[in-house]
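Participant: Kindly return the folded structure for what I paste below:
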Amino acid sequence: MTHVQLGLDSFGDITVDAQGTPLHAAQVLRNTVEQAVRADQLGVDAITLGEHHRDDFAISSPEIVLAAIAGRTERILLGTGVTVLSSDDPVRVYERFATLDGVSNGRAEVILGRGSFTESFPLFGYNLADYDTLFSEKLDLFAKLRSEGEVTWSGKHRSTLVNQEVYPKTEHPTGLPAWIGVGGSPQSVVRSVQVGIPMMLAIIGGDPARFLPFANLYRQVQDELGAEAMPLGVHSPGHVAETDELAREQLWQHFAANRNRIGRERGWPETTRAEFENEADAGSLYVGSPETVAQKIASTVRTLGADRFDLKYSNGTMPHEQLMSSIELYGSTVIPRVRELLAE
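Facilitator: As a prediction, this is how the structure comes out:
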């Protein structure tokens, strides 16, 4: 399984400086570009940027940041994690990413999602009561657009298309590379195969092995529908430092602040250090020395039969300097070690 792709993921979290003062979003955006440039230099396979519309994340237009990264990199894949398709227009999404693909010499990809954060729905005039039908309809249209030929389509939430062409075309024979971000419902797994867009599992808590039934269902449906084999991706949070102890100490305060802020909005109890340690030991938090993180990634890849693993290296308010150090260790040490472990 040495062919596995190993990427990095960021939401452009608003970080703090050495004195603990939050940086301006503009500086966070510039830092994100620098982080991606270093990842490219280190041989990381992909960088994906999440879309949010709130004050604790700087990235609301990932494709703009990715275009800036494209101009300063050579080989790294440029994607989103995720593009909130439900509150966007599939045609405009396709056009934007086809354009990014052209200027980056074929390196663009899009991960489509419903959006676990819902700020974009009222912002762009969508009703949360339509949460499920919005995504279903728009995903259906997006899948048709990937043919890059004439498209005829009708639905409830968008104007009808009749023999419509969308431009620019990409240089990919099968259309724009895409994934669907899946949180773990059987219906989402089946839909991924039905529309022919690979699944990226967002595993943000608990033992990764508990997602094995979804990976098995994914492959079973492919067999039943006679579909060509589709890759499986996994996205999980983590942090790399020189030692396990240092990595956990650096991450804890930022992890807790981020988790508790979101938790207050959603009615969750405050997290505890014991919960954090349990996620680091046996859950989906890939935090530790390069060897510890590499062993854990390799285990997850083997268990699920994954073809792609993206580490969400941005963690709440964690300073830019620590993020850069984590990227350095991930690219220089973790990735080669994972490949070595998978080849054994």
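Participant: what residues does stretch 40-47 touch?
Facilitator: Residues outside stretch 40-47 that contact it (Cβ atoms under 8 Å, 6 or more residues apart in numbering): 5-10, 35-36, 39, 66, 69, 72-79, 109, 308, 310, 327-328, 330-332, 335. For the C-beta atoms, the positions are set from N, CA and C on the backbone; glycine is no exception.
Participant: So which of those residues are in strands?
Facilitator: 5, 6, 7, 8, 9, 10, 77, 78, 79, 308, 310 (DSSP state E).
Participant: Among those, which one sits closest to residue 150?
Facilitator: Residue 150 has its nearest neighbour among these in residue 79, at 27.0 Å by Cβ to Cβ.
Participant: Any idea how many residues pack against that closest one?
Facilitator: 28 (other Cβ atoms under 10 Å).
Participant: of all the ones in strands among the contacts of stretch 40-47, which comes closest to residue 289?
Facilitator: Closest approach to residue 289 among the ones in strands among the contacts of stretch 40-47 (Cβ to Cβ): residue 6, at 16.8 Å.
Participant: excluding its backbone neighbours, what's nearest residue 11?
Facilitator: Computed as Cβ to Cβ, 6 or more residues apart in numbering, the closest residue to residue 11 that is not its neighbour in sequence is residue 50, at 4.0 Å.
Participant: now that neighbour: how far from residue 155?
Facilitator: Distance, residue 50 to residue 155, by Cβ to Cβ, to the nearest Å: 26 Å.
Participant: longest strand in this protein, by residue count?
Facilitator: Using DSSP E, we find that the single longest strand of the chain is strand 232-240.
Participant: hang on, the earlier thing: got the contact list for the residue nearest to residue 11?
Facilitator: 9, 10, 11, 12, 57, 59, 62, 80, 81, 82.
Participant: do the same with residue 5
Facilitator: 45, 46, 77, 233, 307, 308, 309.
Participant: Check the spacing between the first one and residue 149 real quick.
Facilitator: Right, residue 45. From residue 45 across to residue 149, the span is 30 Å (Cβ to Cβ).
Participant: Of the two, which one has the most company?
Facilitator: Taking neighbours as other Cβ under 10 Å, residue 45 and residue 149 compare with residue 45 leading, 19 against 13.
Participant: residues contacting the closest residue to residue 54 other than its chain neighbours?
Facilitator: In space, residue 54 comes closest to residue 119 once its chain neighbours are excluded; the distance is 5.3 Å by Cβ to Cβ, 6+ apart. Residue 119 makes contacts with 52, 53, 54, as judged by Cβ under 8 Å, 6+ apart.
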